[in-house]
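Student: Provide a 3D model corresponding to the input given below.
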Amino acid sequence: MKPIEARREKRVLLAAVAGALALGLAACGDGPSDDQVGKIPDPKESFVAKNDQATDAAEQSADKGGDAMNEKSAAGGAPVDDAALTAKVKSALVAEPGLKAQAISVDAFAGVVTLRGTADSQENRRRAEQIASAVEGVRSVRNELVVIPG
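Tutor: Residues are numbered from 1 along each chain as shown. Have a look, this model is predicted:
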């Protein structure tokens, strides 16, 4: 064997031994305590402990989410029921003289009101949107009314 190859083999062997020692030393601190030596670990205990940890984490996360929703709700005013909001807007449109409210359908979701149907003029289309946006609880209005003169 050539001297260069012998040195290379020694280095590889030395590196392997050093790696094995490092792994062995790293595992030293993770061994069982003296009272655990010879005992067979109970998988139920481990499962219960991990399940409890996961449950605690989930509860904390849910609490944070609920708090955030309450803060948002308080900041934006009290949430309005979609059906009640739809009824309020429809009533406001019906009460407006000169507006053909029967040709307008109203939908509400999370404070966003959508107007669909027809209006007999561009002015009545705008007026329907203004009336809807003035109703308490309306955050925004999507005006999808189509103008059909006559």
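Student: SS state for Leu99?
Tutor: Reducing the assignment at Leu99 to three states with DSSP: H, G, I helix; E, B strand; the rest coil gives coil.
Student: In contact with it: list those residues for me.
Tutor: With CB atoms under 8 Å, 6 or more residues apart in numbering as the criterion, the residues that contact Leu99 are Leu93, Ala119, Asn124, Arg127, Ala128, Ile131. Heads up, the C-betas are built off the backbone N, CA and C, glycines and all.
Student: quick one: the spatially closest residue to the last one that is not a sequence neighbour from Glu9, how far?
Tutor: What that stands for is Ile131. Counting by CB to CB, 6 or more residues apart in numbering, Ile131 lies nearest to Ala92, which is 5.1 Å off, once chain neighbours are set aside. If you measure Ala92 against Glu9 using CB to CB, to the nearest Å, the figure is 91 Å.
Student: Number of residues surrounding Asn143?
Tutor: The number of residues packed near Asn143 is 16, by other CB atoms under 10 Å.
Student: ah, wrong one, I meant Thr114
Tutor: Counted with other CB under 10 Å, the burial measure for Thr114 works out to 17 neighbours.
Student: give me the element Asp107 is part of.
Tutor: Asp107 belongs to strand 104-109 when elements are defined using DSSP states H and E.
Student: Enumerate the positions of stretch 142-150 that are buried.
Tutor: Under the neighbour-count criterion of 16 or more other CB atoms under 10 Å, stretch 142-150 has Asn143, Leu145 buried.
Student: okay, now the domains of this structure?
Tutor: By the assignment in automatic domain parsing, the chain contains the domains 3-27+35-74, 82-147.
Student: Now the first one: average pLDDT?
Tutor: The one in question is domain 3-27+35-74. Averaging pLDDT along domain 3-27+35-74 yields 63.
Student: ok and the helix or strand Ser91 falls within relative to strand 104-109, angle-wise?
Tutor: Ser91 is part of helix 82-95 when elements are defined by DSSP H and E. Taking axes from the mean of the first three to the mean of the last three CA atoms, to 10 degrees, one finds that helix 82-95 is oriented at 150 degrees with respect to strand 104-109.
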